[in-house]
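Q: the sequence isn't on hand, but the structure is:
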């Protein structure tokens, strides 16, 4: 969140150490997630002033697009940690439609020296605060046998000078009284002992070696979730960490295929270190509740059998890529690897790439643009980073899908980026997948598209997006069983991804298996009510079962979530087939306004294919074919679904329909 001072804040029974990122209740450590701590610190820094929600989110999540619900959830966790009850705000007040403010009296104590307050023992000697609230082993704990001297507790040293404790302001005396340790060691003894430890073992104050850690193993994470269906979480997260850490130069990472043998075993980390000849291990626990996941990760130095680092993370499942990046970044920072400039650039580019993938996964106009920005930053950092070019191609492809840009603007950019990536790395599955998507949706080249999909899967069988888009290709050609198989494989590869899971609902819908599609999408929405794709596919399945009120309700929710022309057109079709003619024509008018908006920011590309669907629902065949012809001319991305799309079932007997299929390359 930026640089922090060594200031202290006291309120009620609490004391917050900004530099150490510690909150205490009396002498008790209060665990907070990193973001909850940042929120609390920001509110304290503003001293009773209202902090707007937007400003708070920008401060706490400076490089990440997050929804307001993330802020609300962290504020709720913070209030629980502070012990607030339903009687009213004791510390944090919600100001409706504006933001939050801290309402309890706060004493701010500025410290010119670092957090380790200097305490005079006899007027001549001083030592640093030996109470370490970070959880690491302190010098005091290492040296319990050294006898104490009687300190002069009325003398406090600040900035090298002394101050009579009786003159300290009462609001600040609480801190000083707590800061004085119960055992004060003579300065000479401390210096001699610390020097001895440093000389003999080369360790830092926590007992861990200061030398770089160059070998590591990630133990399978333990799943604490009550739901047995969530057992895949520990494998998914641990595997992701292995993949991320493997990107680090000068670090030997034990492969996941070796570590899987430790799954379910209560094994001593020291035994793992001896068996695998590694210096450190990562352990962790995972707990999932609804669409929220809590992760505790720890890094253990096996040389000293000490915890180097530990952190707790609370995130939404939709942000799993980001939390995996956070954990790998935090671990790396504690490995003390020394990288040259080129290696640092590669690592930074990889981090930006992961952020770009997380944004791309959101499938919103804002998320896709943010993804493009991150991928471009990665390319600027490392111009030879092929995967970042593939990420660019994927974002441009999805911008066409969701109506941000017309095909003629989006697909050429996507193709250029995908080809560039393959020039750098011809085995890159991500780039082959992007190009396959373009070959089918833009070039209408079925043969080359399938070849690219198969190359992608051959090079990287575990790349979920290759299976996902290949399933879309297969279903469009009426290869339903293969399509469902590929969609299920996608979900298996990315069990934490709602995008992958909802895609299975889409394939089931196009395959005519509407009951299964409803079950799949309902399950997703029970975990993440904000999943726009799941709303879309659920509404479509309801519509085919003539459950029109339910379909309309889902599309209306989807419009609120997305606001895009695609979901609005689906709502228009649902109105049309359910007999709500006036409402359907109103949607047609709104779509026209979106496409012709005078404001560049609000203007959106409206797919002619989706307009044709509304006219089909209204029973106006000639208008429907007029718009389908326009879709063909514009190479509308959705036209390649024409053969199997149940929305156009009533048009299939018409000769114009069969002619259109032939020209689009959808007939043998």
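A: In hand now; what should we look at? Because the structure is a prediction, the values reported are computed rather than measured.
Q: residue 54 in helix, strand or coil?
A: Assigned by DSSP: H, G, I helix; E, B strand; the rest coil, the conformation of residue 54 is helix.
Q: what's the burial count for it?
A: 11 (other C-beta atoms under 10 Å). All C-beta spots, glycine's among them, are computed from the backbone N, C-alpha and C.
Q: in its sheet, what does the helix or strand containing residue 287 sit against?
A: Using DSSP states H and E, residue 287 maps to strand 280-289. Strand 280-289 sits in its sheet next to strand 215-218 (parallel), strand 222-223 (parallel), strand 292-301 (antiparallel), going by DSSP bridges.
Q: out of those strands, nearest to residue 265?
A: With C-beta to C-beta, the closest approach to residue 265 among the strands paired with strand 280-289 belongs to strand 222-223: 10.7 Å.
Q: what's the following helix or strand after that closest one?
A: Per DSSP H and E, the first helix or strand lying C-terminal to strand 222-223 is helix 232-245.
Q: I'd like the average pLDDT over that following helix.
A: Regarding helix 232-245, the rounded mean pLDDT is 73.
Q: quick one: contacts of that helix?
A: If you take C-beta atoms under 8 Å, 6 or more residues apart in numbering as the criterion, helix 232-245 is touched by 216, 218-223, 225, 251, 253-256, 259-260, 263, 282, 284, 286, 288, 293, 295, 320, 324-325, 327-328, 331-332, 350, 354, 495-496.
Q: stretch 564-582: which residues count as buried?
A: 564-578, 580 (16 or more other C-beta atoms under 10 Å).
Q: for stretch 10-20, that is, sorry about that
A: Within stretch 10-20, judged by 16+ other C-beta under 10 Å, the buried ones are 10, 11, 14, 15, 16, 17, 18, 20.
Q: SS state for the fourth one?
A: Judged by three-state DSSP, the three-state class of residue 15 is strand.
Q: what is it paired to in the beta sheet?
A: Under the criterion used (DSSP bridges), residue 15 bridges to residue 10, residue 24.
Q: who's in contact with residue 572?
A: 583, 584, 587, 588, 591, 613, 614, 617.
Q: which of those residues are buried, as a ChimeraX select command?
A: In ChimeraX, this line selects whichever of the contacts of residue 572 come out buried by 16+ other C-beta under 10 Å:
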select :584,587,588,591,613,614,617
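Q: TSV for the contacts of residue 572, including pLDDT, distance to residue 401 and secondary structure?
A: Putting those into TSV (pLDDT from 0 to 100; distance: C-beta to C-beta, whole Å; DSSP: H, G, I helix; E, B strand; the rest coil) gives the following:
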residue	pLDDT	distance to residue 401	secondary structure
583	97	25	helix
584	96	23	helix
587	96	20	helix
588	96	21	helix
591	93	17	helix
613	97	16	helix
614	97	19	helix
617	96	22	helix
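Q: ok now stretch 493-511, how far from the chain's centre?
A: 19 Å (C-alpha atoms, centre = their mean, to the nearest Å).
Q: quick check: the two most widely separated of the buried residues of stretch 10-20?
A: Spatially, the most separated pair among these is 11 and 20, at 17.0 Å (C-beta to C-beta).
Q: what's the closest of the buried residues of stretch 564-582 to residue 392?
A: Here the nearest of the buried residues of stretch 564-582 to residue 392, counting by C-beta to C-beta, is residue 564; it sits at 21.0 Å.
Q: show the contacting residues for the closest one.
A: Neighbour list for residue 564: 365, 402, 403, 604 [criterion: C-beta under 8 Å, 6+ apart].
Q: so which of those wins on neighbours?
A: residue 403 (24 neighbours).
Q: quick one: buried residues of the host helix or strand of residue 391?
A: If you go by DSSP H and E, residue 391 is part of helix 386-401. Neighbour-count burial for helix 386-401 flags 386-401 (criterion: 16+ other C-beta under 10 Å).
Q: confidence-wise, which of those comes last?
A: The weakest per-residue confidence within those falls on residue 401 (87).
Q: next up, the contacts around it.
A: Under the criterion of C-beta under 8 Å, 6+ apart, the neighbours of residue 401 are 566, 637.
Q: and the one 3 residues further on, by the same measure?
A: Residues in contact with residue 404 (C-beta under 8 Å, 6+ apart) are 365, 368, 369, 410, 604, 605.
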